[in-house]
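K.L.:
just to be clear, the model below is a prediction. Sequence and coordinates:
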Amino acid sequence: MLTRHKGQAMVLSLILMSFALMVVLFSFNASQLNLNGTKLQNTADNTAYSVATIAARDFNFKAYTNRASVANQVAVAQMVGLSSWFNMTDKFAENACNFLCWVPYLGQALSGIKSAVGAINTVAQPVFEALIYAENAMLYALTTSQQIIHYAGLLSSFNTAGKIVKANDPNARLDLLQNPQMLGDIKDHWIDFQKRHTRGSHRNKSKQFKDFITVTMNSRDPFAKKRSYKLGFPWSLSFFPIRWRTYKTGGSELISNNDRDSSKAETWTSMDTISFHLSKFRCSWSGCRWRGYRETPLGWGGTRSDNRADIRRIGNRNYWGSSRRTNGTAARYAGYDQETRGWYSGIQPFYGLSERGNNRSSGRNIAVVVSKPQNSVRTTSTVTAGEEHTNPATNEEMLGDRMTALSAAQVYYSRPHDLMARTSSWSRADGRHEYGNLYNPYWQTRLSDSTNTERSAVLAITRFL
């Protein structure tokens, strides 16, 4: 008689179902860890990128304002130049009338021209003075705005980092005890990598302060830089054995007063002259040539932006379009008749790269560590089943009882190569490589690889928290 056994399959089924349940639980844990880890890493990436973006915007704002400062400096040079040019024209019309107004018909025309030029100059000079005051106020506003944005960016970087973390993952946190590297990196970008350059003593003056003056002088437009030329016929003519030449000279110069007093700011000066030169062709024991250049001053004008510099005491023959070299007598008269228009406070303090930031095209990494408590990661080890947690094998153990993600971002300087491919206006005319600077707003942001030092520091700090 055959006996049928019942229940053996149930035991086997229970064993298989246990294994299946463990697989499901392990899969659930793996997916949760992967999902939370990816989300936390994205949060860290977004935070690091945001902090680096604030730094890049800070650099670019200072580059824009530095360029604006240079433009306003050149505008002061133009106003001073226009003032001296109008004074020269007024003096030229006055001298022409003094010598030729007795001539019938011609004198009446010259008298009318003199009156018109004088009236225009009388109205124009107060306008130039007001514009110089306005430009000086604008320069002060620009340097003040740099300071405001500098400290605002420094403080907002911390606040923004915390907000970015919460916006991406409410369970994540930016623990400052876990982020000494981020604090050091922010200090590096706002304190060490850049510097506010001011006028110092002649011995200790910042090299970049001198460079800013050079950039300003090189940025002058042709009118401010040199407005010197020889007038054509009939003002210049050769009629052997005599010839005459009429030269107009002028330009605007930024005079440094450090040679006399290192505490004094710079001064914009301008001079315009026009003179008639007569010479004769004569022979002597040394040979035959044109001799006896005799200058007759026709018009002159000199203007300064403040009273710190005295045009009469500046003897450089290359200044003001070589006015002293070409029209020496008229230049001397211009110094005697110099006028002061407005008030100018000199080159204002500005932000530029520090000595450590020179010849570099990127800052160091901005490393950000974001973490979340282990109990906020919903795995089987945190699911309550009776008095004990469900533990399919070994509880998910995390260093420091938290899930941690490290990300690094970098601020770098680069001209927009995609735009350079379309037009040459974005590329350098000399084709040379351009290092990072705070004159051109080409600072950008990118995520970068964390270094071994950064990773080791995160592991060490997390282990002891």
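P.N.:
Received the coordinates, thanks.
K.L.:
how about the strand or helix carrying T329 as CSV, C-alpha atoms only?
P.N.:
Assigned by DSSP states H and E, T329 belongs to helix 328-336. Extracted in CSV, the C-alpha atoms of helix 328-336 (Å, rounded to 0.1, in the frame of the first residue of the first chain):
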residue,chain,number,x,y,z
GLY,A,328,58.3,126.3,-27.4
THR,A,329,57.3,129.9,-27.1
ALA,A,330,53.5,129.2,-27.4
ALA,A,331,53.9,126.4,-24.9
ARG,A,332,55.5,128.8,-22.4
TYR,A,333,52.6,131.2,-22.8
ALA,A,334,50.1,128.3,-22.4
GLY,A,335,51.8,127.5,-19.0
TYR,A,336,51.4,131.1,-17.9
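K.L.:
now for the next helix or strand after that helix, which elements pack on it?
P.N.:
The element immediately downstream of helix 328-336 (helix or strand, assigned by DSSP H and E) is strand 339-340. Applying 3 or more C-beta pairs under 8 Å, 6 or more residues apart in numbering; DSSP states H and E, one finds that strand 339-340 makes contact with strand 287-304. No exception for glycine: its C-beta is placed from N, CA and C like everyone else's.
K.L.:
now the strand it packs on against helix 328-336, angle please.
P.N.:
Angle, strand 287-304 to helix 328-336, by axes from the mean of the first three to the mean of the last three C-alpha atoms, to 10 degrees: 10 degrees.
K.L.:
how many neighbours does Y105 have?
P.N.:
The tally of other residues near Y105 (other C-beta atoms under 10 Å) stands at 7.
K.L.:
from W235, how far off is it?
P.N.:
Relative to W235, Y105 is positioned 21 Å away (C-beta to C-beta, to the nearest Å).
K.L.:
the strands in the stretch 251-400 of the chain, which residues?
P.N.:
267-284, 287-304, 339-340, 350-353, 366-373, 384-385, 388-389 (DSSP state E, counting those that start in this stretch).
K.L.:
including distance to G37 and mean neighbour count, could those strands go into JSON lines?
P.N.:
What follows is those, written out as JSON lines (distance: least, C-beta to C-beta, whole Å; neighbours: other C-beta atoms under 10 Å):
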{"stretch": "strand 267-284", "distance to G37": "62", "mean neighbour count": "21"}
{"stretch": "strand 287-304", "distance to G37": "68", "mean neighbour count": "18"}
{"stretch": "strand 339-340", "distance to G37": "70", "mean neighbour count": "18"}
{"stretch": "strand 350-353", "distance to G37": "38", "mean neighbour count": "23"}
{"stretch": "strand 366-373", "distance to G37": "10", "mean neighbour count": "26"}
{"stretch": "strand 384-385", "distance to G37": "23", "mean neighbour count": "8"}
{"stretch": "strand 388-389", "distance to G37": "21", "mean neighbour count": "10"}
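K.L.:
between those, which one is nearest to N98?
P.N.:
When these are compared by C-beta to C-beta, strand 287-304 sits nearest N98, at 11.0 Å.
K.L.:
same for that closest one, what does it pack against?
P.N.:
When contacts are defined as 3+ C-beta pairs under 8 Å, 6+ apart, strand 287-304 packs onto helix 8-100, strand 267-284, helix 328-336, strand 339-340.
K.L.:
and of those, who's closest to R220?
P.N.:
Short answer: helix 8-100, nearest of the helices and strands packed on strand 287-304 by C-beta to C-beta, at 5.6 Å.
K.L.:
after the closest one, next one along is what?
P.N.:
The helix or strand immediately downstream of helix 8-100 is helix 106-168, counting by DSSP H and E.
K.L.:
what is that following helix packed up against?
P.N.:
Counting by 3+ C-beta pairs under 8 Å, 6+ apart, the packing neighbours recorded for helix 106-168 are helix 8-100, helix 180-187, strand 194-197, strand 350-353.
K.L.:
excluding its backbone neighbours, what's nearest Q41?
P.N.:
In space, and not counting its chain neighbours, Q41 is closest to A405: 4.4 Å by C-beta to C-beta, 6 or more residues apart in numbering.
K.L.:
that neighbour pairs with what?
P.N.:
When assigned by DSSP bridges, A405 has beta-bridge partners V370.
K.L.:
OK, contacts around it?
P.N.:
Shown in contact with A405 (C-beta atoms under 8 Å, 6 or more residues apart in numbering): 37, 40-41, 43-44, 369-371.
K.L.:
if you set the cut-off to 7 Å instead, what comes out?
P.N.:
40-41, 43-44, 370 (C-beta atoms under 7 Å, 6 or more residues apart in numbering).
K.L.:
also K248?
P.N.:
By C-beta under 7 Å, 6+ apart, the residues touching K248 are 228-229, 231, 274.
K.L.:
and stretch 107-114, how far out from the chain's middle?
P.N.:
Centroid separation for stretch 107-114 versus its chain: 50 Å, with C-alpha atoms, centre = their mean, to the nearest Å.
K.L.:
lovely, talk soon.
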